[in-house]
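**Q** sequence plus predicted model, see below.
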There are 2 protein chains.
Amino acid sequence: MLTQKGKYAIKALVYLAERGSLVKTQDIADYARIPKKFLETILLELKRHGLVSSVQGATGGYILAKSPGEINLAEMYRLFEGPIALISCAAEKFYAPCVDCHDVNTCTLRIAMRQVRDQTYEALEAITINSLARKE
Amino acid sequence: MLTQKGKYAIKALVYLAERGSLVKTQDIADYARIPKKFLETILLELKRHGLVSSVQGATGGYILAKSPGEINLAEMYRLFEGPIALISCAAEKFYAPCVDCHDVNTCTLRIAMRQVRDQTYEALEAITINSLARKE
DNA sequence: TTAATATTCTACTAGTTTGGTAGAATTAGT
DNA sequence: ACTAATTCTACCAAACTAGTAGAATATTAA
């Protein structure tokens, strides 16, 4: 399951994609029903990762820094949740060997979990912020 | 990511499948490198769910209660980790509506996450304890 | 019948993660 | 200068994770 934080991050990006221009934190919080203070920390994190950019001051706010079609949920998952794989030795970006594994190369669980990861990755990668945004 | 507990549970079942007869907790713990006391609680949980059965006393131990081909990782995931879906409103067995959702029927995130769930489910369901066991 | 060895059961615990909040500092438009 | 926004650091309660402790019970073998 996604954390609330990860879910909020996705919803915030989708709303920014729908608006397409500078949006105040308060507006996002109201629309997506996210506690404003919590949303602030999430937006800062998104900014640090280059997904949004901000304008300071009284007329400031946030705006997408990348095309919404270029942000997919596999990337988002990794940012907020960590490895897509269910065990670290089956991960692509977060690979780490199992401590309790006898032989990494012949571990049947690792091989099976790698296939699960690949399937899940494909599904997540196919979903972009743009595909989630409501266009009218 | 799987919890250690869930991973241990799978490894224990796989080892029981490989042995095919009554096995002492200590043997499983040694082979699968699981803290024995922790493994005890896991085996009890597996027993309560009908996946293993036990024999008490000095020559006791655990044995699979179902055919290893009939236990798949989707079932195991649900027992030890919860919903396969990444958000509860996209879950099949653990469905729960989102508090912060505007309209469940048109929520684009729910629809997309349902596809992710379906893909992941298919992959997990295809893996059985038998397919993970090493036969010689 | 008693010692040995196994499962069973309940409770506890240290550490980490989650889902936030508080409050002050900074920035920019009017 | 005032107002309203972002930025930054620190904090916190509750839940979850990964176990451990210890006693009770069941069975076998001597």
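**A** On my side now, so go ahead. Note that the coordinates shown come from a computational prediction; the quantities given were computed from them, not determined experimentally.
**Q** so where is chain A shaky, pLDDT-wise?
**A** Screening chain A residue by residue with the criterion pLDDT under 70, one finds the ranges A:136.
**Q** run through the helices of it in chain order.
**A** A:4-19, A:25-32, A:36-48, A:73-80, A:108-125, A:129-132 (DSSP state H).
**Q** and the fourth one, what does it pack against?
**A** Right, helix A:73-80. Here helix A:73-80 touches helix A:4-19, helix A:108-125, going by 3 or more C-beta pairs under 8 Å, 6 or more residues apart in numbering or on different chains; DSSP states H and E. Heads up, the C-betas are built off the backbone N, CA and C, glycines and all.
**Q** tell me what angle the shortest one forms with helix B:108-125.
**A** Relative orientation of helix A:4-19 and helix B:108-125, computed by axes from the mean of the first three to the mean of the last three C-alpha atoms, to 10 degrees: 130 degrees.
**Q** A:Q26 is in contact with A:K36, isn't it?
**A** Yes - in terms of C-beta atoms under 8 Å, A:Q26 counts as a neighbour of A:K36; the distance is 6.2 Å.
**Q** who touches the residue nearest to A:F80 when sequence neighbours are not counted in this structure?
**A** Nearest residue to A:F80 in three dimensions, chain neighbours excluded: A:G6, at 3.5 Å (C-beta to C-beta, 6 or more residues apart in numbering or on different chains). A:G6 makes contact with A:76-77, A:79-81, according to C-beta atoms under 8 Å, 6 or more residues apart in numbering or on different chains.
**Q** can you lay out these as CSV showing distance to DNA strand C?
**A** As requested, the contacts of A:G6 are exported to CSV (distance: C-beta to the nearest atom of the strand, whole Å):
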residue, distance to DNA strand C
A:M76, 14
A:Y77, 12
A:L79, 12
A:F80, 9
A:E81, 7
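**Q** if any of those are buried, put those into a PyMOL selection.
**A** Buried subset of those, written as a PyMOL selection, criterion 16 or more other C-beta atoms under 10 Å in any protein chain shown:
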select buried, chain A and resi 76+77+80
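**Q** and of the contacts of A:G6, the nearest to DNA strand D?
**A** Looking at these and their distance to DNA strand D, the nearest is A:E81, at 13.1 Å (C-beta to the nearest atom of the strand).
**Q** state the distance from that closest one to A:R134.
**A** Distance of A:E81 to A:R134, computed by C-beta to C-beta, to the nearest Å: 25 Å.
**Q** over to A:S88?
**A** Between A:S88 and A:R134 the distance, using C-beta to C-beta, works out to 37 Å.
**Q** out of the two, which sits in the busier spot?
**A** Set side by side, A:S88 and A:R134 give different neighbour counts by other C-beta atoms under 10 Å in any protein chain shown, the larger being at A:S88 (18 against 10).
**Q** check contacts around the closest residue to A:T108 other than its chain neighbours.
**A** With C-beta to C-beta, 6+ apart as the measure, B:L132 is the residue that lies nearest to A:T108, at 4.7 Å, once sequence neighbours are left out. By C-beta under 8 Å, 6+ apart, the residues touching B:L132 are A:108-109, A:112, B:10, B:14, B:17.
**Q** next, format these as JSON lines and append distance to A:E92.
**A** Formatted as JSON lines, the entries for these read as follows, by distance: C-beta to C-beta, whole Å:
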{"residue": "A:T108", "distance to A:E92": "19"}
{"residue": "A:L109", "distance to A:E92": "17"}
{"residue": "A:A112", "distance to A:E92": "16"}
{"residue": "B:I10", "distance to A:E92": "21"}
{"residue": "B:V14", "distance to A:E92": "24"}
{"residue": "B:A17", "distance to A:E92": "29"}
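**Q** nothing else from me, thank you.
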